[in-house]
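*Asks:* return atomic coordinates for the entry below.
(2 chains)
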Amino acid sequence: AQSVTQLGSHVSVSEGALVLLRCNYSSSVPPYLFWYVQYPNQGLQLLLKYTSAATLVKGINGFEAEFKKSETSFHLTKPSAHMSDAAEYFCAVSDRGTGRRALTFGSGTRLQVQP
Amino acid sequence: DGGITQSPKYLFRKEGQNVTLSCEQNLNHDAMYWYRQDPGQGLRLIYYSQIVNDFQKGDIAEGYSVSREKKESFPLTVTSAQKNPTAFYLCASSAGGALNTEAFFGQGTRLTVV
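*Replies:* Below you'll find the model as predicted:
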């Protein structure tokens, strides 16, 4: 089964600094990958998804992610952090290996933005 | 407004009781899902359904049951066999079909055993 690993359960940045949230996948088949954001006590909202059309994917709120097959990575970035970006972020993979039609999620990274 | 409605938002259960969490969607999606969220563990799949009257176990199905009698509804029952039910439960739906289809989430139900 495919899986994703998110390095760093907590990341803290200053307002205006670069945001980098890491996600690595394990798969023998090129996966479909997703990034979601969750604000406290709420559901998840899709930020962006990679479906093999383009390796650099732009999402909402100024976020983007680049699919790198050689590094098996799909890291999420934003050039300049805003206070409103403070939330938990989840990377997810669609299991093309087994065909199970449900997303598998990483353990999440909580982003803190310091003023 | 199209979306996914989970109710109630907060739920308290006594030990040994069964409890049912509601999930309704008006997005006309074929597929629906239940996830459990615990701090530091991300989301874990409990059950999913690709079509009415059919559903499959996810990674942590023990102690849970579901039904899918209508396309719009996918209720989750947490039974007394679930040893540690306190968690945040999220329902989701997707258009189904292709594996590159994203899931849309409800606002969640926080279940606490008292």
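
*Asks:* use CA for all of it now, contacts and neighbours both
*Replies:* Noted.

*Asks:* contact residues of chain A facing chain B?
*Replies:* A:9, A:32, A:34, A:41-46, A:49, A:51, A:90, A:94-96, A:99, A:101-108 (Cα under 8 Å from any Cα of the partner chain).

*Asks:* return the subset of those lying in strands.
*Replies:* Residues of the residues of chain A next to chain B located in strands (DSSP state E): A:32, A:34, A:44-46, A:49, A:90, A:94, A:103-105.

*Asks:* what's the farthest-apart pair in those residues?
*Replies:* Using Cα to Cα, the two most remote members of those are A:32 and A:44, lying 17.7 Å apart.

*Asks:* correct me if wrong: residue A:22 contacts residue A:68.
*Replies:* No: Residue A:22 lies out of contact with residue A:68 (Cα atoms under 8 Å); the separation is 12.0 Å.

*Asks:* what residue in chain B comes nearest to chain A?
*Replies:* Distances between chain B and chain A by Cα to the nearest Cα are smallest at residue B:42, namely 3.8 Å.

*Asks:* give me the most central residue, chain B.
*Replies:* residue B:34 (2.8 Å; Cα atoms, centre = their mean).

*Asks:* and the gap between residue B:44 and residue B:14?
*Replies:* Going from residue B:44 to residue B:14 by Cα to Cα, to the nearest Å gives 23 Å.

*Asks:* sorry, that was for residue B:110
*Replies:* Taken as Cα to Cα, the span from residue B:110 to residue B:14 is 14 Å.

*Asks:* how about residue A:56?
*Replies:* Using Cα to Cα, residue A:56 is found at 49 Å from residue B:14.
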